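# Mind looking at a prediction? Sequence and model below.
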Amino acid sequence: MSALVELKPRRPRLTAADRLLLAVSIGVPLAGLALFFLYPLATIAARSLSVGGNRLGFGNYLAVLSSPGIAIATWNSLILSLATTAICLVLGFAIAFALQRTRLRGRGLVAVALALPMLAPSLVQGLGILFILGRNGLVHKWTGLPVDAYGFSGLLFSDVLYALPQAVLILEAALRHSDARYFDAAEVMGASRLRQFFDITLPNARFGILSAGFVVFTVTITDFGNAAVIGGNFRVLATEIYAQVSGQMNFAMGAVVGILLLLPTVVAVVIERVATQRQFGGGSESAIPVTPDSLPARDVPLGFLVHGSALTVIAVVATVVFASLVKLWPYNLSMTFKNYNITVAGGYAPLATTLEVSLFAAVAGVVLLFLLAFAMKRLPPKLAKAAYLAAVLPVGVPGMVLGLSYVFAFNLGDNLLGMLYGGSLLIALCNFYHYHSQGFLTMMTGMRTVPPALEEAVSCLGGGLAAVLKDAVLPFIGATAVSVFFFLFMRSMVTLSAVIFLITPNLSVAAVSVMRLDEAGFVSQAAAFSTCIMGTVLGALVVMRLALRRAARGRA
Amino acid sequence: MPQLLKRFLLAATALVACAGSAQAGSITVYSALEEDEIAAYLTAAKKAMPDVQVNVLRLSTGDLGARLLAEANNPQADVVWGFAVTNMMHPDIKKQLAPYAAKGSDTLPAQFKAADKTWFAATGYVGAFCVNTEVLKAKKLPMPTSWKDLTNPVYKGELVMPNPASSGTGYLQVAAILQGMGAEKGWGLLKAIDPNMAQYTTSGSKPCKMARAGEFAIGASLAFVAMQSIEAGYPVQMVIPADLAGYELEASGLLKTAKNKKDAERFLDWTLSGDAAKLYASFKEMTTLPGAPQSAMAKKAGLPADLTKVLYPMDFAKSAKERDGILKTWQASIGR
């Protein structure tokens, strides 16, 4: 068994075509990362070090670190992110397990509910929580209790809602493939189900758990939207960047906080170390998938947890959809479609642009990520380590910082790179690299379930790299690649914080329309527009799923 | 597969091709004015200058400031239109502006234009309280009329105002209090209100939106948002604080790097024309054009016809210069 005996992987001689394929699958994604992520990030680092004129120094860092309130904001950010990570890992694992390893009823519904926070404009979540848990929200109205969601607890709730689907995305990839033979052996040896879970299931998902924890922690610490809406006086580092950049127009200080927020991503080094270790279980060519079974003692409490989470998400989103259909929330609840008549902000036109941008980001993204993940194992260790770190770094960059870095990097006038500025291609690329880490880690988690022995077998039988890809890798990674595609598509449809710096008078996206309607005071119209975006994305997802199923059937 | 790849590359080229847009007879304008007023002004401007295509990028004051600073090395706009003057005075933005005396700017009082002609302001906005009358009734609170009233402990936990460190509106309120009362008394008042303040919000319109939704009783925000909320039917009353109402000017100016200077100048002239003044009357609570009539909205919301009676004569150069110091003191003594 390849899993138990550490065999040195035999490197079959590569043909010229293989070498080209390998060069492309390594070169293109890495060049993309360098040009559309590392280079813009370097412009931010330069800003953070610039202390007037052409001089460089750490003056800005000292100024930030000695400013009043920064210690509190750092502490708050850390506590909040740790709490969010703990909750998301437990809840996320339960949900991913329920979806992949049990026959719990309503799994489809849970999957759709969990997609909602990823395909809803950030306004929806903020409004929904306030409508329900605000001081004048539904809970207060129904119970008469003094409810105050502003502050740590409300923000924690909001962040969990936001980060949980991203954790589930990765954890599902970790649990998607399994080998029943380990469980059968354990059964024969008399190990309890609980013991099997802790000794087989959990260790096998270690890489996924670490990756998911990393993603949750980082998206929470860099998130500004939730903190601004529901954080109240609970100041965090991401709001600090906003205050410096938008409030005080002080780029240098904002850049420093942006760079400091990258520090937590060094944790990724640990994950990378785990990534290079082999794990037993999962990836074996003769694996017999575990058949999901029913186990009331496990499934009843699990069901409460999973369906409870799904219903919470649905309640938040449904409240906003409802609010878009009434005259004046919360004072006049008579129904109307008036709010759907969007007259300002270019009407519904930006929706079409956004669809185009998002499809491009998702298609290009999934191809690049797949190639990169495939190439990782075939890179020399040192290069692999560097590539790995670059690939997971984007999640540590707040959207606002990324957007500004794109302006610094690409607003260059008439040269080749400068031509991208002001175009939708740059927005698509920005959206992709904004969510690069989540996509990459999901793909890597999925790649680990590909049996190495199978790859070797295919290449021994004379198959080139292309055959390995097609016959050994794709069947195992297909479902995960599809989930990455949908993830990139959904996020690209609604992301706002970076894009806001790349729109032009003639080029705007749907999320900006929502923001504009909200800024102009038309909250109901903003809710209506958000509902239309969610409807469009859900519709597009259904169409794409059907097309995929058709394609799969055609092949079979 | 090659067919698919070809189509994909074609789409990519098309996306790139969208990029280039500047052309003769069109100008690019960056603005922080409100969405609906921009639409109305542009319709009128089109009639006056049918040969010019005016492309407007609308962003909030904070986002627009960041955008202008970020693009400093290769500015994309020809004109900045209706942008908070305190932000316009940021050295890195001001140095992007070219002096231009727009037609009609000679009639503006001196405090509404730059001595070096880099900007002028035709309009402005005023700070105001949004008071939710239903919450007030339910909690049996008195109607406040001034900042001083807000120190009354009955309002504990029912007040919200923008954080001056992250919102221009927050800063204009703090600056007006400090300039009007002097530093010592001003800080005393701000510290006295602080225990009642439930939250300092990130954005300037947020306090009013929270108050109108019934989340809090009183939000210190802007008259424009208050009037818009009343118009929409929320149970809101607008209060211009009797002791000190801060205001901000909406400045416009020409960029040195403007690609279409001639049309940009014509547009700036138009913003001071009689046509424009008529429209300001239907959108603005404050115009600087001599003899411009008061807007119906402002009248309905109870603003006095002569705003100078309630507005403290702000010194914007001073307010921009003292910003760093004031925010430092704010963060050290009140900041949460």
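Ah, there it is. Residues are numbered from 1 along each chain as shown, chains lettered A, B, ... in the order given.
# Any regions of the chain where pLDDT drops low?
Reading this off chain A. In the predicted model, chain A carries pLDDT under 70 at residues A:1-14, A:275-286, A:345, A:554-556.
# I was thinking of chain B, sorry if that wasn't clear
For chain B (pLDDT under 70), the answer is B:1-24, B:297, B:300-301.
# middle-most residue in chain B, spatially?
residue B:84 (5.2 Å; Cα atoms, centre = their mean).
# for the stretch 151-300 of chain B, what spans make up the helices?
B:168-181, B:183-193, B:206-212, B:223-232, B:261-270, B:274-283, B:296-300 (DSSP state H, counting those that start in this stretch).
# With distance to residue A:486 added, can I get those helices in JSON lines?
In short, each C-beta sits where N, CA and C put it, glycine included. Converted to JSON lines, those look like this (distance: least, Cβ to Cβ, whole Å):
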{"stretch": "helix B:168-181", "distance to residue A:486": "40"}
{"stretch": "helix B:183-193", "distance to residue A:486": "49"}
{"stretch": "helix B:206-212", "distance to residue A:486": "33"}
{"stretch": "helix B:223-232", "distance to residue A:486": "37"}
{"stretch": "helix B:261-270", "distance to residue A:486": "45"}
{"stretch": "helix B:274-283", "distance to residue A:486": "43"}
{"stretch": "helix B:296-300", "distance to residue A:486": "46"}
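# and of those, who's closest to residue A:144?
helix B:206-212 (20.4 Å; Cβ to Cβ).
# buried stuff in that closest one?
B:206-212 (16 or more other Cβ atoms under 10 Å in any protein chain shown).
# Likewise for stretch B:75-87?
B:75-87.
# Among the residues you listed, name the ones in strands.
Among those, the members falling in strands (DSSP state E) are B:79-84.
# so how many other residues sit close to residue 51?
With no chain named, the answer covers chain A. Residue A:51 has 16 neighbours, counted by other Cβ atoms under 10 Å in any protein chain shown.
# wait, I meant chain B there
Neighbours of residue B:51 (other Cβ under 10 Å): 10.
# Same check on residue A:383?
13.
# that older thread, any chance of a markdown table for the buried residues of stretch B:75-87, columns distance to chain A?
Output for the buried residues of stretch B:75-87, formatted as a markdown table (distance: Cβ to the nearest Cβ, whole Å):
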| residue | distance to chain A |
| --- | --- |
| B:75 | 9 |
| B:76 | 7 |
| B:77 | 9 |
| B:78 | 11 |
| B:79 | 11 |
| B:80 | 13 |
| B:81 | 12 |
| B:82 | 14 |
| B:83 | 12 |
| B:84 | 11 |
| B:85 | 13 |
| B:86 | 10 |
| B:87 | 6 |
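# Which single strand of chain B contains the most residues?
Under DSSP E, chain B gives strand B:120-132 as its longest strand.
# now check that strand, is it near chain A?
No. Strand B:120-132 lies apart from chain A when judged by Cβ under 8 Å from any Cβ of the partner chain; the minimum separation is 8.9 Å.
# relative orientation of that strand and helix B:261-270 in degrees?
Angle, strand B:120-132 to helix B:261-270, by axes from the mean of the first three to the mean of the last three Cα atoms, to 10 degrees: 50 degrees.
# Strand B:120-132 vs helix B:274-283, what angle?
Using the same axes, to 10 degrees, strand B:120-132 lies at 10 degrees relative to helix B:274-283.
# What are the buried residues along strand B:120-132?
Neighbour count says strand B:120-132 has B:120-132 buried, by 16+ other Cβ under 10 Å.
# hmm, stretch A:347-364 touching chain B?
Yes. Counting by Cβ under 8 Å from any Cβ, chain B is contacted by stretch A:347-364 at A:356, A:360, A:363.
# Counting neighbours, what do you get for the last one?
The burial count assigned to residue A:363 is 18, neighbours taken as other Cβ under 10 Å.
# One more: residue B:309?
8.
# got the contact list for it?
By Cβ atoms under 8 Å, 6 or more residues apart in numbering or on different chains, the contact set of residue B:309 is empty.
# I'd like to know how many residues surround residue A:17.
By the criterion of other Cβ under 10 Å, residue A:17 has 11 neighbours.
# Distance of it relative to residue B:314?
With distances taken as Cβ to Cβ, to the nearest Å, residue A:17 is found 72 Å from residue B:314.
# can you check residue A:382 too?
Taking Cβ to Cβ as the measure, residue A:382 falls 60 Å from residue B:314.
# And residue A:406, by the same measure?
36 Å.
# who's more crowded, these two?
Neighbour totals were compared for residue A:406 and residue B:314, and residue A:406 leads with 28 against 22 (other Cβ under 10 Å).
# Report the contact partners of the more buried one.
With Cβ under 8 Å, 6+ apart, residue A:406 has these contacts: A:40, A:426, A:430, A:498, A:501-502.
# So which of these sit within helices?
Per DSSP state H, helices hold the following members of the contacts of residue A:406: A:40, A:426, A:430.
# Now do the contacts for the last one.
Residue A:430 is in contact with A:36, A:402-403, A:406, A:498-499, A:502, counting by Cβ under 8 Å, 6+ apart.
# repeat that for 7 Å
Residues near residue A:430 by Cβ atoms under 7 Å, 6 or more residues apart in numbering or on different chains: A:402, A:406, A:498-499, A:502.
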